[in-house]
Every structure is written in structure tokens, then in C-alpha cells.
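let me see the structure of the following:
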Amino acid sequence: MGGAARARRRELHLKERTAVSNQDGVGIRQADVVRVREAPVQETPVQETPAQEAPAGGAAQKPASTALEVDDLTVAYDSRPAIWDIDLRVPEGVLMAIIGPNGAGKSTLIKAALKLIPRAAGTVQFYGQPYERVRGMVGYVPQRGSVDWDFPTTVLDVVTMGLYGRLGWLRRPGQREQAAAMHALEQVGMQDFAERQISQLSGGQQQRTFLARALVQDARIYLMDEPFAAVDAVTERAIISIMRELRARGKTVVVVHHDLQTAAEYFDWVTLLNVEVVASGPIGETFTADNLRQTYGGRVAYLQDAQRIAGREEL
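Numbering: from 1, shown residues only. Predicted coordinates:
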């Protein structure tokens with residue numbers, strides 16, 4: 001499809017979506033995927049890119065390559081698109097938020113990239129390779145609500161599961177793997193809970209456990225689905241500190257995020273999504289009043305507060 005035709009189609013779809021958003025304030029609700037178990041696969045070795053130190057309190061260094069590339073991605077539930085015709089480039093070494101209203105397709109985009117749900121059309125590549133070939137390079141932190149927390153297992157066992165893609169299902173974790181899992185728990189302040197049953201954890205402790213599970217993989221890119229949802233302020237500060245440390249080491253972090261008030265503080269890159277990509281790029285250029293209006297429709301009162309905190313007076 002030509003660029004002009006695609007732009008016209010997107011303009012008409014945005015107008016239609018804004019009208020719906022103004023009527024009820026709620027977008028399409030995507031279906032929840034409850035449980036997913038990753039099977040080990042053979043990984044294609046990829047040469048590591050030397051980490052670049054990010055300036056303290058500022059944006060990351062200019063990225064060297066594309067970490068995540070999405071082309072023409074569409075996912076539909078009951079013949080209704082949850083995300084439509086997504087084109088996206090995520091540079092290596094950025095800390096990126098995916099932001100949009102409820103039902104915009106944020107979690108769907110993450111799950112479709114990881115092939116946890118079927119794609120109606122489109123392709124996704126991580127560092128130029130399909131996910132199946134570089135699974136070990138991709139860390140995933142799911143929503144807490146998608147996990148069976150009553151399953152009888154310990155915190156340490158859950159974190160060690162992050163190494164199964166490397167070990168295979170038949171090989172048991174040894175002392176080296178146990179040490180790596182404990183180190184990941186130390187990074188998130190959960191080492192004292194290693195032998196505790198996951199059913200006995202608070203919401204914030206559960207989130208830290210799954211963050212440790214992703215960290216133990218030592219991936220190059222991390223996809224996190226609402227990691228700040230329903231956590232206390234201490235846990236939120238701990239999580240963003242770990243994200244910044246990952247960025248400083250040259251990792252790429254992609255986060256589904258809801259809080260407009262913290263977006264400019266936490267992230268250096270943003271994708272605004274409402275079924276389609278409204279805008280994507282450096283947060284200083286992309287997190288604007290005009291783009292937010294297109295993303296959220298007529299809910300301007302909510303946006304005014306976010307823009308004021310972000311230091312802008314465009315609304």
C-alpha cells in the first residue's frame with residue numbers, strides 16, 4: 001500500500017476512534033492470555049554490542065542499531081482489530097514506554113511480538129532475527145494477573161525458571177544456576193524470600209520476583225507488561241532503578257506504562273498507541289499535547305495535569 005493511501009486510511013481510522021473514545025472514554029478491551037509456558041529452543045549466537053553508559057539522570061546515548069522491528073502487525077479478536085497495521089522501530093539501548101488508553105492494544109503488542117497470541121498479519125524481528133531464533137536474548141515480565149500465584153513453588157524456583165531456555169527441561173539447575181538466581185534476587189531486594197512460597201508474597205514482592213526471573217536471563221532486550229501496576233512506591237523506585245541500570249549497560253527496555261505523570265521522568269523514548277501507532281520517538285519530541293490528544297481523544301482534563309508535570313504548557 002502506498003504511503004499516501006496508508007496515511008489517509010490512518011487519518012480516517014483515528015477520527016473514527018476519537019469519536020468512539022469521546023463517547024465512552026474506553027477503547028477496545030483485549031482478551032487476557034492467562035498462562036504461557038516457554039519451551040526451550042536452540043538459540044542463534046549474536047555478538048554482544050559493547051554497553052554505553054547513559055548520562056546520569058538524562059537520556060541514553062545515541063543507539064547503535066535496531067533492537068525491535070515491527071512491520072504491518074495486526075492482531076484481531078473476533079474479527080475486530082486489537083492492534084492494526086503497526087510499524088515500529090525501537091533503537092538499541094533505550095528505555096521506552098508504550099502508552100495509551102485502556103484497550104489500546106499495549107499488552108497485545110507485547111504478546112504478539114513474543115508470539116504468545118496469534119498474529120493476523122505482519123512480522124516482528126529482534127536484532128534482525130525472528131523471536132524463535134533469539135529467544136534467549138529476550139526477557140519478559142508478564143502482568144501479575146496472568147500468573148497462577150497459588151502454584152506450589154518457591155521464589156527461588158520461579159527465578160531459576162528464567163534459565164530453563166539455556167538448560168533445557170531435562171537438565172536440573174546446579175550450583176551455578178542457583179547462584180545466578182540468588183544474585184538476581186539480591187538485585188531486586190528479595191534474597192531473604194528465596195524459600196518462601198509465591199502464594200505468600202505481596203503484590204510488590206510478586207512483581208520483584210518476576211523481574212528477577214527476567215534479569216537472570218541476562219537478555220539484550222526486556223519486554224515488561226505493566227511492571228508498576230499496583231505496587232508500592234518503594235517497589236516502583238526499585239524497579240525504575242533497575243531499568244536505568246539495564247539501559248546504562250546497553251540493554252533495551254520496553255515497558256507498557258499507564259502513568260502519564262511519570263512518563264517524561266522515567267523514559268527517554270515513547271510509543272503512543274491506540275490500536276494504531278500515533279507517534280513514536282524520543283520523549284522530548286513525541287510526548288506532546290497534540291500527540292496525546294490524538295491518542296486519548298477528548299479527555300483533555302486528564303492530560304492537562306500530565307503536561308504540567310512534564311513541564312509543558314501546550315494544552
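
helix, strand or coil for Val278?
When classified by DSSP: H, G, I helix; E, B strand; the rest coil, Val278 comes out as strand.

was I right about it contacting Thr286?
No - judged on C-beta atoms under 8 Å, Val278 makes no contact with Thr286 at a distance of 9.1 Å. All C-beta spots, glycine's among them, are computed from the backbone N, C-alpha and C.

overlap in contacts, these two.
Leu272 (C-beta atoms under 8 Å, 6 or more residues apart in numbering).

so those two - more neighbours on which side?
Val278 (23 against 17; other C-beta atoms under 10 Å).

per-residue pLDDT of that one, please?
According to the prediction, Val278 has pLDDT 97.

once you drop chain neighbours, what's closest to it?
Nearest non-adjacent residue to Val278, counting by C-beta to C-beta, 6 or more residues apart in numbering: Leu272, 4.3 Å away.

now do Ala279
Nearest non-adjacent residue to Ala279, counting by C-beta to C-beta, 6+ apart: Asn291, 4.4 Å away.

who's in contact with the one you found?
272, 278-279.

how close does Asp290 sit to Gly284?
14 Å (C-beta to C-beta, to the nearest Å).

so between the two, which is more surrounded?
Gly284 (14 against 11).

elements contacting whichever strand or helix holds that one?
For Gly284, the host element (DSSP states H and E) is helix 283-286. Contacts defined by 3 or more C-beta pairs under 8 Å, 6 or more residues apart in numbering; DSSP states H and E place helix 283-286 against strand 269-274.

dump the strand it packs on to PDB, keeping only the CA atoms.
Only the C-alpha atoms of strand 269-274 are listed here, as PDB (Å, rounded to 0.1, in the frame of the first residue of the first chain):
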ATOM      1  CA  TRP A 269      11.700   7.000  24.300                       C
ATOM      2  CA  VAL A 270       7.900   6.600  23.900                       C
ATOM      3  CA  THR A 271       5.400   5.000  21.600                       C
ATOM      4  CA  LEU A 272       1.900   6.400  21.800                       C
ATOM      5  CA  LEU A 273      -0.600   3.700  20.800                       C
ATOM      6  CA  ASN A 274      -4.400   3.500  20.300                       C
END
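
who touches it?
For strand 269-274, the surrounding residues in contact (C-beta under 8 Å, 6+ apart) are 14, 17, 21, 27, 83, 88, 90-91, 94-101, 104-106, 109, 263, 277-283, 286-287, 291-292, 294-296.

quick one: strands adjacent to it?
Strand pairing for strand 269-274, determined by DSSP bridges: strand 95-99 (parallel), strand 276-282 (antiparallel).

what's the most buried one of those strands?
strand 95-99 (a mean of 27; mean count of other C-beta atoms under 10 Å).

report the distance from that strand to the chain centre.
Its chain's C-alpha centre and that of strand 95-99 lie 7 Å apart, by C-alpha atoms, centre = their mean, to the nearest Å.

the residue nearest to Val278 pairs with what?
Beta-bridge pairing for Leu272 (DSSP bridges): Ile99, Ala279.

measure it to Ala229 for me?
For Leu272 relative to Ala229 (C-beta to C-beta), the value is 19 Å.

out of those two, which sits in the busier spot?
Set side by side, Leu272 and Ala229 show more neighbours around Leu272, with 24 against 16, by other C-beta under 10 Å.

return the per-residue confidence for that one.
Predicted confidence (pLDDT) at Leu272: the value is 98.

now do Arg80
So Arg80 comes in at 90 (pLDDT).

tell me the bridge partners for it.
With DSSP bridges as the rule, Arg80 is bridged to Tyr77.

from Gly122, how far off is it?
17 Å.

who's more crowded, the two?
Set Arg80 next to Gly122 and count neighbours by other C-beta under 10 Å: Gly122 wins out with 18 against 9.

so that one sits in a helix?
No - remark: Gly122 does not belong to a helix; assigned using three-state DSSP, it is strand.

tell me, how many residues neighbour the closest residue to it other than its chain neighbours?
In space, and not counting its chain neighbours, Gly122 is closest to Leu73: 3.3 Å by C-beta to C-beta, 6+ apart. For Leu73, the count of nearby residues is 23 (other C-beta under 10 Å).

now do the same contact list for Leu73.
83, 85-88, 109, 112-113, 119, 121-124.

one step back: ok so the residue nearest to Ala279 is a helix residue?
Yes - counting by three-state DSSP, Asn291 falls inside a helix.

any weak-confidence spans in the stretch 51-200 of the chain?
Along the stretch 51-200 of the chain, segments meeting pLDDT under 70 span 51-64, 165-171.

so where do the strands sit in it?
Using DSSP state E, counting those that start in this stretch, the strands of the stretch 51-200 of the chain run over residues 66-77, 80-91, 95-99, 121-126, 138-141.
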